[in-house]
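> Okay, predicted coordinates and the sequence, questions at the end:
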Amino acid sequence: MADTPATEQEARASDELVRAALSEVYDPEIGIDIVSLGLIYGTHLDDDGLLTIDMTLTTPYCPLGPVINSQAHAVCAPLPGVQDVKVNLVWSPPWDPRTMASDEAKLQLGIY
């Protein structure tokens, strides 16, 4: 039986797949993944394979921002349909763990 080509949907990373990959990136100072922290504001994979990730950091002065950025790039680059990854750091709205973090992250951070 010949291999059947993947459908366009199968050949491209979904938002859920991108977020699953990004959930493997942890803020080294906090020890919680960037998706659970609510640092990912949006993702978009265009027709040319450019994956754009809009994300923020816990603070504009985060000394490990470049590490988080490079890890986000590294976990997303091998996803299906991704030819390149661009990470945009976004500062508006400012990150607020009380409204943006998952319930599990809030529990770990001691926010009730």
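Perfect, I can see it now.
> Centroid-nearest residue for the chain?
Residue closest to the average C-alpha location in the chain (Cα atoms, centre = their mean): residue 22, at 3.9 Å.
> Apart from its neighbours in sequence, what residue is nearest it?
Closest residue in space to residue 22, ignoring its immediate chain neighbours: residue 35 at 5.2 Å, by Cβ to Cβ, 6 or more residues apart in numbering. For every residue, glycine as well, the C-beta is placed using N, CA and C.
> Report the separation between that neighbour and residue 13.
Applying Cβ to Cβ, to the nearest Å, the value for residue 35 to residue 13 is 15 Å.
> now do residue 86
Residue 86 is 14 Å from residue 13, by Cβ to Cβ.
> Tell me which residues touch residue 56, please.
39, 41, 89, 90, 91, 94, 95 (Cβ atoms under 8 Å, 6 or more residues apart in numbering).
> Let's see that with 6 Å instead.
39, 90, 95 (Cβ atoms under 6 Å, 6 or more residues apart in numbering).
> if we can go back for a sec, with neighbour numbers in mind, choose between residue 86 and residue 13.
residue 13 (20 against 11; other Cβ atoms under 10 Å).
> hang on, the more buried one packs against residue 80?
Yes: contact criterion Cβ atoms under 6 Å: residue 13 and residue 80 qualify, at 5.3 Å.
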